[in-house]
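> please find the sequence and the predicted model below.
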Amino acid sequence: MLIEARDLSAGYGDVRVLEDISLGVAEGEIVALLGRNGMGKTTTVRALTGMLPAMGGSVLMNGTDVTALPSHKRATRGLGLVPEGRRIFPNLTVAENLRATERPGRWTYAGVLELFPRLGERLGNLGSQLSGGEQQMLAIGRALLTNPSILILDEATEGLAPVIRAEIWQTLARLKDEGQAILLVDSRLGPVLRLADRAVVLVKGRIAWEGATATLRADEDLQRKYLAV
Ligand SMILES: Nc1ncnc2c1ncn2[C@@H]1O[C@H](COP(=O)(O)OP(=O)(O)OP(=O)(O)O)[C@@H](O)[C@H]1O
């Protein structure tokens with residue numbers, strides 16, 4: 001597994017939000033982390049990336065225990081994150097934002113501009129001057145430029161206009177074709193279930209269901225039980 005949680009627990013203060021979560025993403029795989037609001041998806045992302053310490057259990061990358069490593073060390077080992085709310089540098093230009101994370105590998109500066117031509121037209125603009133969709137493209141481009149073995153996207157299509165959202169989904173499909181392993185948190189069930197190979201469903205910080213997305217796609221009762229609002 002490129003990344004794996006084993007009996008992972010995490011939370012805030014004394015409160016455990018995640019209880020004994022075990023999940024993993026293998027080479028070339030897209031795994032969706034699903035669940036209604038507040039069920040622990042973002043907390044899982046934070047615990048996997050090291051933004052939150054584990055209260056129990058472990059996180060492994062390529063079989064190596066990284067539970068004690070801070071997020072920047074996990075990033076160096078190949079963990080790329082597109083965080084909820086984008087977090088680009090508002091006072092750097094698009095070009096500077098991209099160059100700030102660049103590491104050698106499959107994805108180059110030119111390659112990212114080819115993936116997101118829109119960013120190429122905005123190279124001199126500050127991060128703060130971009131539209132929401134452009135900021136999201138920049139956040140994805142930045143994460144790709146670290147050439148991650150595993151990319152985690154937390155609500156990457158949230159709050160975007162439908163046409164931009166569609167563009168992001170197309171890009172993710174292209175990343176899938178290229179074999180990029182992805183852990184995807186997104187509440188748009190239709191596109192998520194089309195893109196991902198497997199799904200893990202959280203209910204109150206525990207895994208309530210996991211399996212092939214094809215199974216979940218075909219079973220509306222299951223969707224209603226765990227995911228419908
Ligand atoms: N910084 C925090 N401090 C205390 N409790 C938190 C914090 N962040 C999240 N929580 C709590 O942890 C639980 C899980 O939240 P989390 O954000 O992981 O859920 P989520 O599944 O990502 O939901 P959403 O889609 O609403 O972001 C919730 O009960 C939430 O109130």
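Thanks, I have the structure now.

> for the ligand, what are the nearby residues on this protein?
Remark: the part of the chain in contact with the ligand comprises 12, 17, 35, 37-43, using CB under 6 Å from any ligand atom. Every residue, glycine included, has its C-beta placed from N, CA and C.

> redo those as a markdown table? Include pLDDT.
Written out in a markdown table, the entries for these read as follows (pLDDT from 0 to 100):
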| residue | pLDDT |
| --- | --- |
| Tyr12 | 97 |
| Val17 | 97 |
| Gly35 | 96 |
| Asn37 | 94 |
| Gly38 | 95 |
| Met39 | 97 |
| Gly40 | 97 |
| Lys41 | 97 |
| Thr42 | 97 |
| Thr43 | 98 |
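
> now, the residues you listed that are in strands?
12, 17 (DSSP state E).

> could you flag which of the residues of the chain next to the ligand are buried?
17, 35, 39-43 (16 or more other CB atoms under 10 Å).

> from these, which land in helices?
41-43 (DSSP state H).

> between which two of the residues of the chain next to the ligand is the distance greatest?
Tyr12 and Gly35 (17.3 Å; CB to CB).

> before we move on, back to that, pipe the buried ones among the residues of the chain next to the ligand into a markdown table and attach distance to Thr101 per row.
Below are these laid out as a markdown table (distance: CB to CB, whole Å):
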| residue | distance to Thr101 |
| --- | --- |
| Val17 | 29 |
| Gly35 | 29 |
| Met39 | 30 |
| Gly40 | 28 |
| Lys41 | 24 |
| Thr42 | 21 |
| Thr43 | 24 |
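
> what comes up buried for stretch 201-219?
So stretch 201-219, judged by 16+ other CB under 10 Å, has buried residues 201-203, 205, 207, 209-210, 213, 216-217.

> repeat that for stretch 91-105.
92-95, 97-98, 102.

> now the two most distant members of those.
Largest pairwise distance in these, by CB to CB, is 14.3 Å, between Thr93 and Glu102.

> which helix or which strand is home to the residue nearest the centre of the chain?
Compute the mean C-alpha point of the chain, and by CA atoms, centre = their mean the closest residue is Leu153, 1.8 Å away. For Leu153, the host element (DSSP states H and E) is strand 150-154.
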